[in-house]
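Chemist: Using only what follows, build the 3D model:
(one chain, ligands or ions: 1)
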Amino acid sequence: MRVGADTFTTRVDIAVRGVQMDAPVRRPDGAGPSDDGHVLVDGANAALPRNSNSPYQLRDGRIFLGELDTGLSLQLVKRPQFYELVTADGVPYEKIARLHGADVLATTVVQTCIRYAEDQRCRFCTIEESLRSGATIAAKTPAQLAEVAQAAVALDGVRQMVMTTGTTAGPDRGARNLVRCVRAVLAAVPGLPIQVQVEPPRDLSVLTELHDAGATAIGIHVESLDDEVRRRWMPGKGSVPMAEYETAWDEAVRVFGSNRVSTYLLVGLGEDPDELVAGASRLINRGVYPFVVPLRPMAGTLARRDGVGAPPIELVRYVTERVAALLRDAGMIGADQQAGCAACGACGVLSAAGA
Ligand code: SF4
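Modeler: Next comes the predicted model:
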């Protein structure tokens, strides 16, 4: 659903500045770009910072700016029932997969990353912090994922699943393990749309294996198209040549189809905004959905340690509006991916702009 211009400005504003609220479903650490409470804004998934200093307040299911009703409704996502369950071998389901938005089950199948040394890790990532804090376990088995997915669908209305992984040392960079996980989940929950998220595998045949296992969509996340930004923000991952991403995206589009492949582009890493939009346009032409997301550094990231904050609201709005227009013109809508971050939309603002 595309919202009006004023509402869109507010939607961007709350994505960056957050709302004064106490959301029971959160994503406080782990892989990824944000530290948020999970809510529905006007019925759509949204991951918003819980910020006691935000000028926006939640009152009676609506978002207020001072005494002004912004016109946006906000519903907190309830703690799902599957969080109360424990596997036969004693692991709480909550440590195996988590609810994102109102209807997405998300898991990091391998919670360690070969790139996590301080001089190598992505500066916005805390994948191993949630492991250290005891919020999750290092490796989830296919059987555990199948058990949790079955419960989450049956008890909490989950409609799609996202499987990401820390990068491993093999030529598949962790992708082959996801093949087994997808198979196991689909054996337990036939037809559940699943997105897998991987680094470009050196052995591209694994992309066909992931598709043949039943994955609906795939994310191959570059975060920035600017090599200087990549080296600065992602010293380890940024050493993967852009040509490897391009080859992997093209093969993924060939295997999964157009608009079943996506990548993150983070706003706030210092990339020139017009170059970011031009790069997004090239991705769209390849059939790859550029999921534009404002960076909101989480506690535990190197970025937060170094005092990096969220990007200016005007910048987020500028980039999001332009990329959304390109996506709409190309007929690429995130929801059509059926599974994954572009289909969920919560961490960005593209879906509010009709993309
Ligand atoms: S956009 Fe992706 S990371 Fe964000 S809440 Fe949705 S599924 Fe999770």
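
Chemist: Contacts only, for the closest residue to the ligand within the stretch 151-300 of the chain.
Modeler: Residue nearest to the ligand within the stretch 151-300 of the chain: V162 (4.8 Å; CB to the nearest ligand atom). C-beta coordinates here come from the backbone N, C-alpha and C atoms, glycine included. Shown in contact with V162 (CB atoms under 8 Å, 6 or more residues apart in numbering): H100, V104, L105, A106, T107, I194, Q195, Q197, A339, G340, C341, C344.

Chemist: Redo the residues you listed as TSV? Include pLDDT, neighbour count and secondary structure.
Modeler: Output for the contacts of V162, formatted as TSV (pLDDT from 0 to 100; neighbours: other CB atoms under 10 Å; DSSP: H, G, I helix; E, B strand; the rest coil):
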residue	pLDDT	neighbour count	secondary structure
H100	94	26	strand
V104	97	26	strand
L105	97	28	strand
A106	96	24	strand
T107	96	24	strand
I194	98	27	strand
Q195	98	29	strand
Q197	97	26	strand
A339	98	24	coil
G340	98	31	coil
C341	97	30	helix
C344	97	28	helix
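
Chemist: Kindly reformat those residues as JSON lines and extend each row with distance to the ligand.
Modeler: Below are the contacts of V162 laid out as JSON lines (distance: CB to the nearest ligand atom, whole Å):
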{"residue": "H100", "distance to the ligand": "3"}
{"residue": "V104", "distance to the ligand": "5"}
{"residue": "L105", "distance to the ligand": "9"}
{"residue": "A106", "distance to the ligand": "5"}
{"residue": "T107", "distance to the ligand": "10"}
{"residue": "I194", "distance to the ligand": "12"}
{"residue": "Q195", "distance to the ligand": "8"}
{"residue": "Q197", "distance to the ligand": "9"}
{"residue": "A339", "distance to the ligand": "9"}
{"residue": "G340", "distance to the ligand": "7"}
{"residue": "C341", "distance to the ligand": "3"}
{"residue": "C344", "distance to the ligand": "3"}
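
Chemist: Now do D35, the pLDDT please.
Modeler: What the model reports for D35 is a pLDDT of 58.

Chemist: next one: the one 10 residues further on
Modeler: We have a pLDDT of 95 for N45.

Chemist: before we move on, what about the one 3 residues further on?
Modeler: If you check L48, the pLDDT there is 94.
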